[in-house]
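Novice: Got a predicted model here, sequence first, then my questions.
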Amino acid sequence: MATTVKVTTVGNSVGIVLPKEILEKLQIEKGDILCVTDTPDGVQLTPYDEKFMKTMQAADKVMRQYRDTLRRLAE
């Protein structure tokens, strides 16, 4: 499904308005928090999941701490 949205001014910032169908698909509503993730194809919007975000932060910390070791293992 391809949908276009327009970037618009929201106060001193910019934002996009998500169509009703997208809100229903993501199971979100006004006031909910979204997680924006970089992917090889662009960005991905998903509902915010606190447990998932804590897991990702822990993984990021480990990957930074053991960057050289992980790089050698990948070879």
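Specialist: Ah, there it is. Since this is a predicted model, take the numbers as computed values, not measurements.

Novice: okay, CA-based contacts and neighbour counts for the rest of this
Specialist: Will do.

Novice: low-scoring stretches of this structure, by residue?
Specialist: 1 (pLDDT under 70).

Novice: would you list every one of the strands in it?
Specialist: 7-10, 13-16, 34-39, 42-47 (DSSP state E).

Novice: Give me the most central residue, the chain.
Specialist: Centroid check for the chain by Cα atoms, centre = their mean gives Val36 as the closest residue, at 1.9 Å.

Novice: what about the nearest residue to that residue once chain neighbours are set aside, neighbour count?
Specialist: Spatially, and ignoring its direct neighbours in sequence, Val36 is nearest to Leu45 (4.9 Å; Cα to Cα, 6 or more residues apart in numbering). Using other Cα atoms under 10 Å, Leu45 has 11 neighbouring residues.

Novice: who's in contact with Leu45?
Specialist: Neighbour list for Leu45: Leu34, Cys35, Val36, Thr37 [criterion: Cα atoms under 8 Å, 6 or more residues apart in numbering].

Novice: can you list contacts of stretch 9-24?
Specialist: Val5, Lys6, Val7, Thr8, Glu29.

Novice: measure that stretch end to end?
Specialist: Terminal residues of stretch 9-24 lie 24 Å apart, using Cα to Cα, to the nearest Å.

Novice: Check the offset of that stretch from the chain's centre.
Specialist: The chain centroid and the centroid of stretch 9-24 are separated by 15 Å under Cα atoms, centre = their mean, to the nearest Å.

Novice: Alright, I will stop here.
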